[in-house]
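Peer 1: when you get a sec, could you give me coordinates for this:
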Amino acid sequence: MTAVRAHPLFRGRLALVVAVAVASYSGAAAGLDDFKCYKAKDLKNPKFAKTAVTLADQFGLNDGEFTTTRPFLLCNPAADVGANPANADDHLVCYKTKGPKIDREERPRVEVSDELGVVQLEVVKPQLLCVPSSKRVLPAVTAGSFLALSYNVAGLPQGISGSNPATNTPLISPLLNAYDLVLVQESWQTPEPNPLAPLRVYHELLVADADHPYKSVSAPLPIGADPERPSALVSDGLNRMSRMFFVEDVVRERWTNCWDSAADCLSLKGFSFARMVLQPGLTVDVYNLHMEAGGDPQDDNLRDEAVTQLSTFITAVSPGRAVIVGGDFNLHTDGEPDSTQFQRLLSETGLIDVCAALSCPEPGRIDKFLFRSSDELTITPVSWNFETATFVDGMGAPLSDHDPLAVRFDWAVPGL
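Peer 2: I've put the predicted structure just below:
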């Protein structure tokens, strides 16, 4: 029987455990390296072009034309610590493929053996084409830029929302692809099954045509089951999409209290946090928030409490780090007490209002971006714009009751 040697793959933050099998006949096994494979991201320089290839293998079950859709794994030759690979220059790049499937009744069963043991497998479907390749390590990037968007998409159920989300959310989705980092508020995932049907929310429609490789998992709806806030029907509504990797899962913090004047107690409003990778070893802490609405004195007090809560969290979690904060602040900073509360947030955290840094024409708007540099990373906003001409329907009407705010940030490693 032909032996199939299974190459061990190791999972790290950027690695994915996937079975990659390379056929080797018993006389050739000594010259075949193990491979350590990493999940790969296409940097689009140049962008990979889908390619049609005709493939046949030893099974001969679904030979024919396949399409390579995107690069997926980079596999380095590997050996035990202290040893050297036999063929250090020979690599594999594995591409996702689409093509003929194997009928269930024709799936072959094989026995494979290697240094890890012997196991019997059923071959289910072709998934990857691994191509012998060479590689060159590129120099570290010391500067770059990204376009960020903060957008309250008004995703409450139809008739409750201040917009028309059933119609507008699918229109918003593809427009998000123009932005490298998207922070959204009021975007919730419809539960399945949905106990509130026919009422629904729309996050699954928002992400349907967004091609960002990294998307947050929407917090589940409490629907009255949260013991600390039984009035809450929806969660925080905070989600993010990005072309840059986030080191860990999104952390969500709710505001300590709420007031009923603007129906805030029906939700679990708060802020979220995640650390975004600009390049290996270089990260920025990204916060997304939605503050208490309403104009009662109690709402003013709760926003002041929220400033303290956010400031305390940033001081504890992001000390000395570069930070970006975006969201719906519900602070009209051209009036009081909002202006004093906002200035206290800036003072306590060292954050800078992008609008102030760029002398924008509408400093009192409640949708904002803030930023802060660090000794290791300089963050510089270079443009600020409400995308009112982009996020409109066919009649020119806005797609939400908030305007989407776009800011381009340059970043650089100081001294390089």
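
Peer 1: need the mean per-residue confidence for stretch 307-317.
Peer 2: Average pLDDT, stretch 307-317: 98.

Peer 1: buried ones in that stretch?
Peer 2: By neighbour count on 16 or more other C-beta atoms under 10 Å, the buried set for stretch 307-317 is 307, 309, 310, 311, 313, 314. The way it works is simple: take the backbone N, C-alpha and C, and place the C-beta from them, glycine included.

Peer 1: in which helix or strand does the third one reside?
Peer 2: So the one you mean is residue 310. Using DSSP states H and E, residue 310 maps to helix 297-317.

Peer 1: could you dump that helix to PDB, C-alpha only?
Peer 2: Below are the C-alpha coordinates for helix 297-317, written out as PDB (Å, rounded to 0.1, in the frame of the first residue of the first chain):
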ATOM      1  CA  PRO A 297     -30.400  65.500  34.100                       C
ATOM      2  CA  GLN A 298     -30.200  61.800  34.900                       C
ATOM      3  CA  ASP A 299     -28.800  61.200  31.300                       C
ATOM      4  CA  ASP A 300     -26.200  63.900  31.900                       C
ATOM      5  CA  ASN A 301     -25.100  62.200  35.100                       C
ATOM      6  CA  LEU A 302     -24.900  58.800  33.400                       C
ATOM      7  CA  ARG A 303     -22.800  60.100  30.600                       C
ATOM      8  CA  ASP A 304     -20.500  61.600  33.200                       C
ATOM      9  CA  GLU A 305     -20.300  58.200  34.900                       C
ATOM     10  CA  ALA A 306     -19.500  56.600  31.500                       C
ATOM     11  CA  VAL A 307     -16.600  59.000  31.000                       C
ATOM     12  CA  THR A 308     -15.200  57.800  34.300                       C
ATOM     13  CA  GLN A 309     -15.800  54.100  33.400                       C
ATOM     14  CA  LEU A 310     -14.100  54.400  30.000                       C
ATOM     15  CA  SER A 311     -11.200  56.500  31.300                       C
ATOM     16  CA  THR A 312     -10.600  54.000  34.000                       C
ATOM     17  CA  PHE A 313     -10.600  51.100  31.600                       C
ATOM     18  CA  ILE A 314      -8.200  52.800  29.100                       C
ATOM     19  CA  THR A 315      -5.800  53.700  31.900                       C
ATOM     20  CA  ALA A 316      -5.800  50.100  33.200                       C
ATOM     21  CA  VAL A 317      -5.800  48.200  29.800                       C
END
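
Peer 1: which other residues reach that helix?
Peer 2: With contact meaning C-beta atoms under 8 Å, 6 or more residues apart in numbering, helix 297-317 is reached by 253, 255-259, 261-262, 264, 271, 273, 285, 287, 289, 291-293, 323, 330-331, 337-338, 341-342, 344-345, 348-349, 351.

Peer 1: how does it look with 6 Å?
Peer 2: 255, 257, 259, 271, 291, 292, 337, 341, 344, 345, 348, 349 (C-beta atoms under 6 Å, 6 or more residues apart in numbering).

Peer 1: which ones among the residues you listed lie within helices?
Peer 2: Within these, residues falling in helices by DSSP state H are 341, 344, 345, 348, 349.

Peer 1: in three-state terms, label residue 278 for me.
Peer 2: Taken by DSSP: H, G, I helix; E, B strand; the rest coil, the conformation at residue 278 corresponds to strand.

Peer 1: how many neighbouring residues does it have?
Peer 2: Look at residue 278: counted by other C-beta atoms under 10 Å, it has 21 neighbours.

Peer 1: and the gap between it and residue 104?
Peer 2: The gap separating residue 278 from residue 104 is 45 Å, by C-beta to C-beta, to the nearest Å.

Peer 1: go through the chain and flag its longest strand.
Peer 2: Ranked by residue count, the top strand of the chain under DSSP state E comes out as strand 64-78.

Peer 1: in its sheet, what does the helix or strand that comes right after that one sit against?
Peer 2: Counting by DSSP H and E, the element after strand 64-78 in chain order, helix or strand, is strand 91-98. Strand 91-98 pairs in its sheet with strand 64-78 (antiparallel), strand 128-133 (antiparallel), by DSSP bridges.
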